[in-house]
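# I'd like to go over a predicted model; first the sequence, then the structure.
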Amino acid sequence: MKIIKLLFAVAAAAALSGCASYIAPGARADFSAFSSESMRENFKSKPAAGFPAGIAAVRVQCPSYHSYFADREGAIYGGGRYSVILTREVEDDADLVRISNLPGVAGLISMSRLLLPPKFESDRDLREAAARLKADMLLIYTFDTSFHNNDASTTLNVITLGISPTRRVNVHVTASALLMDTRTGFIYAAFESNEQRDVRTNVWESRETADRARQDAEKAAFKKLVAEFEKNWPRVIDRAKQGG
């Protein structure tokens with residue numbers, strides 16, 4: 001929390017001095033929160049979903065996550081070991097329809113804060129919400145987005161806007177997802193995709209334009225994640241029918 005407060009203080013000081021800044025978003029969720037505490041429990045879990053299967057989808061991030069858009073929209077919910085993003089920010093409807101239209105999928109359902117506890121400790125908190133929606137599976141995904149200098153060696157937490165047209169910043173995004181059985185916590189599959197963009201910072205005239213670069217990169221990463229889901233879905237069905 002001290003680091004986050006310091007970043008906001010730096011950004012505020014820069015704004016007061018006439019040089020606006022953009023604060024990079026927070027980190028991905030730690031997926032260790034979505035698995036059993038022991039290896040034995042992991043092996044004991046079995047698939048229980050029937051087909052066609054309803055899938056509840058939810059985006060998670062680290063407990064202290066922040067981004068310009070999510071903070072402005074009040075879209076960050078909960079605490080504990082992870083937080084939930086309740087607004088579809090970078091997920092295009094067409095990408096979600098691609099999942100819904102797959103053979104063996106009964107539909108894709110979004111989470112509501114009305115079903116969620118105020119604090120998250122494990123995957124069980126989300127699986128209980130998915131069960132109330134009668135969803136057979138739970139798709140949990142997260143983004144790890146970072147900004148780097150030209151040489152990609154330095155991670156930037158605060159970026160000054162509207163400076164030299166020769167300066168470039170690399171936007172790196174890793175999108176990760178787990179597909180779980182709502183009833184048992186069995187993990188059917190894990191997916192990951194990456195996206196990298198090279199952007200001239202002089203076009204970032206405001207925090208909105210800077211944040212749009214992040215959103216564009218995350219949208220591209222999500223599209224690739226959906227493609228990975230599509231490619232692996234037949235294996236998920238086979239694994240479920242074979243009992244794991």
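Cool, the structure landed. Source: prediction; values computed, not measured.

# what's around P118, how many residues?
By the criterion of other Cβ atoms under 10 Å, P118 has 9 neighbours. For glycine as for every other residue, the C-beta is placed from the backbone atoms N, C-alpha and C.

# would you check that it makes contact with D125?
No. Contact criterion Cβ atoms under 8 Å: P118 and D125 do not qualify, at 10.0 Å.

# which residues does the most centrally placed residue in the chain contact?
When the chain is reduced to its mean C-alpha position, the nearest residue by Cα atoms, centre = their mean turns out to be T142, at 2.2 Å. Under the criterion of Cβ atoms under 8 Å, 6 or more residues apart in numbering, the contact list for T142 reads 28-29, 31, 59-61, 175-177.

# which helix or strand contains it?
Assigned by DSSP states H and E, T142 belongs to strand 137-148.

# partner strands of that strand and their direction?
Note on strand 137-148: by DSSP bridges, its sheet partners are strand 53-61 (parallel), strand 155-156 (antiparallel), strand 168-181 (antiparallel).

# buried residues in the longest helix along the chain?
Looking only at the chain and at elements set by DSSP state H, the helix with the highest residue count is helix 207-241. For helix 207-241, a neighbour-count test (16 or more other Cβ atoms under 10 Å) marks 207, 210-226, 228-229, 232-233, 236-237, 240 as buried.

# low-confidence stretches in this structure?
1-19, 22, 35-44, 150-154, 156-167, 201-205, 244 (pLDDT under 70).

# cutoff 90 now
Under the criterion pLDDT under 90, the flagged ranges of the chain are 1-50, 64, 66-68, 71, 79, 147-171, 197-214, 241-244.

# hang on, the earlier thing: could you dump the contacts of T142 to CSV with distance to A75 and neighbour count?
Conversion of the contacts of T142 to CSV gives the following (distance: Cβ to Cβ, whole Å; neighbours: other Cβ atoms under 10 Å):
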residue, distance to A75, neighbour count
R28, 16, 20
A29, 15, 26
F31, 21, 17
R59, 9, 26
V60, 12, 27
Q61, 10, 24
A175, 17, 28
S176, 19, 19
A177, 19, 22
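
# tell me the contacts of the closest residue to K223 other than its chain neighbours?
With Cβ to Cβ, 6 or more residues apart in numbering as the criterion, K223 has its nearest non-adjacent residue at 5.8 Å, and that residue is D95. With contacts taken as Cβ under 8 Å, 6+ apart, D95 has the following neighbours: 222-223, 226.

# between the residues you listed, which is nearest S112?
Proximity of the contacts of D95 to S112 (Cβ to Cβ) peaks at F222, which lies at 20.7 Å.

# the closest one against D93, yeah?
No. Between F222 and D93 there is no contact, the gap being 11.9 Å when judged by Cβ under 8 Å.

# ok, A210 to E73 distance?
Using Cβ to Cβ, to the nearest Å, A210 is found at 16 Å from E73.

# return stretch 57-73 as CSV; C-alpha atoms alone will do.
Presented in CSV, the C-alpha positions along stretch 57-73 are these (Å, rounded to 0.1, in the frame of the first residue of the first chain):
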residue,chain,number,x,y,z
ALA,A,57,-16.6,-15.9,-16.7
VAL,A,58,-14.8,-13.6,-14.3
ARG,A,59,-11.8,-11.3,-14.5
VAL,A,60,-9.5,-11.2,-11.4
GLN,A,61,-6.5,-9.1,-10.5
CYS,A,62,-4.2,-8.6,-7.5
PRO,A,63,-5.7,-7.4,-4.3
SER,A,64,-4.3,-3.9,-4.7
TYR,A,65,-5.1,-3.6,-8.4
HIS,A,66,-5.7,-0.2,-9.9
SER,A,67,-6.0,1.3,-13.4
TYR,A,68,-7.2,4.6,-14.7
PHE,A,69,-10.4,3.1,-16.2
ALA,A,70,-11.2,0.8,-13.3
ASP,A,71,-10.7,3.4,-10.7
ARG,A,72,-12.8,5.9,-12.6
GLU,A,73,-15.6,3.5,-13.2
